[in-house]
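>>> Return a 3D structure for these sequence lines:
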Amino acid sequence: MAKIAFIGLGVMGSPIARHLLNAGHDVTVYNRTHAKAELWVTEHGGRSADTPAAAAEGADAVITCVGADVDLEAVTLRGEGCFKTMRKGALFIDHTTVSAKIARQLAIEGRDRGFLVVDAPVTGGQSGAEQGTLTIMCGGREKAVAEATPLMQAYARKIVHVGPNGAGQTTKMVNQIAFVGIIQSLAEALRFAQAADLDIDQVYEAISSGAAQSWQMTHYWHSMAEDRFNFGLAVDWMRKDLGLAIEEARDNGATLPMAAMIDQFFADVQHMGGGRQDTSALVRRLPK
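Okay, here's the model as predicted:
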């Protein structure tokens, strides 16, 4: 089994690290809030480290799952970042949703240091992380992805090598663009059903096995109808993800009118105090 440094114990990182430990790997964790790392070790086992560099020393693989570009840069390249102590030939896997730009930058930095680097954003939400059923979209060299795959199988249902470094992140942008369009249409459909005084459960029964069916419908239809919004990616984080996609589109020439519009809808939800609610809170903008 591998000696793994895991950096970032948020709602996604914490269960992923737990799956690795349960699979028999030797896991050392680091979290910016040290008390959180110590609590994780108390609950699950393994060890904690005071810095990313200390966690990565002697590791076969370093896995990160943090918040944004600035956080990823901090735990890899800056100060006591893990790239300072990773050994030549070690594997670096990043599960953060970040820009393709920093993914490519880390690939170059890693190559120069003799690391194997994979940008590997995930989809499946917190429930997928908890259950070990994530889908992972990987960017990197074939050798790097091949070495990362046995580790990721501990918490993934599907692993796809989508292209060179950076392609994992741009594929995640594709996912988020599609996701927000579906959740917005679901919100409108739900409000229409309510305005028509239809039985929400019977409507779900009628349409959830046909052409309108979606992952979002399965997971959010009933909670949206009940004004419960604590089941997935927060609005604040989705706005970050859409910002990455819109910025990338400026570089590659794509046009994203729907994504840009829904990004502003999410801004409305933030102004309503829903920044930490999940993306299905889009329905709050629409009158009942």
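
>>> My impression was that Ser14 belongs to a helix - is that right?
Yes. Judged by DSSP: H, G, I helix; E, B strand; the rest coil, Ser14 forms part of a helix.

>>> Now for it: which residues touch it?
Trp40 (C-beta atoms under 8 Å, 6 or more residues apart in numbering). Quick note: C-beta positions are derived from backbone N, CA and C, even for glycine.

>>> cool, and the one 4 residues further on?
Contacts for Arg18 (C-beta under 8 Å, 6+ apart) come out as His44.

>>> Name the residues of the host helix or strand of it that are buried.
Assigned by DSSP states H and E, Arg18 belongs to helix 13-22. For helix 13-22, a neighbour-count test (16 or more other C-beta atoms under 10 Å) marks Gly13, Ser14, Pro15, Ile16, Ala17, Arg18, His19, Leu20, Leu21 as buried.

>>> number of nearby residues for the closest residue to the third one other than its chain neighbours?
Yep, that's Pro15 we're talking about. Distance criterion C-beta to C-beta, 6 or more residues apart in numbering; nearest residue to Pro15, sequence neighbours excluded, is Ala129 at 4.4 Å. Using other C-beta atoms under 10 Å, Ala129 is surrounded by 25 other residues.

>>> Ile183 too?
Neighbours of Ile183 under the rule other C-beta under 10 Å: 27.

>>> Same check on the one 4 residues further on?
When counting by other C-beta under 10 Å, one arrives at 22 neighbours for Ala187.

>>> Please apply the same query to Gly45.
11.

>>> Next one: the nearest residue to it once chain neighbours are set aside relative to Ala154, how far apart?
Leaving aside its sequence neighbours, Gly45 sits nearest to Leu21 (C-beta to C-beta, 6+ apart; 5.8 Å). Remark: distance between Leu21 and Ala154 (C-beta to C-beta, to the nearest Å) = 9 Å.

>>> Can you list the buried residues in stretch 91-106?
The neighbour-count check on stretch 91-106 (16+ other C-beta under 10 Å) flags 91-100, 102-106 as buried.

>>> typo on my end, stretch 212-230
Residues Ser214, Gln216, Met217, His219, Tyr220, Trp221, Ser223, Met224, Ala225, Phe229 are the ones in stretch 212-230 that count as buried (16+ other C-beta under 10 Å).

>>> ok now it, how far from the chain's centre?
20 Å (C-alpha atoms, centre = their mean, to the nearest Å).

>>> ok, now stretch 239-249?
14 Å.

>>> before we move on, what about stretch 26-42?
The chain centroid and the centroid of stretch 26-42 are separated by 20 Å, computed with C-alpha atoms, centre = their mean.

>>> who's in contact with that stretch?
With contacts defined as C-beta under 8 Å, 6+ apart, stretch 26-42 is touched by 1-9, 14, 17, 20-21, 45-52, 54-55, 59, 71, 75.

>>> Quick one, which of these are buried?
By neighbour count, with 16+ other C-beta under 10 Å, the contacts of stretch 26-42 hold 2, 4-9, 14, 17, 20-21, 46, 48-49, 51-52, 55, 59, 71, 75 as buried.
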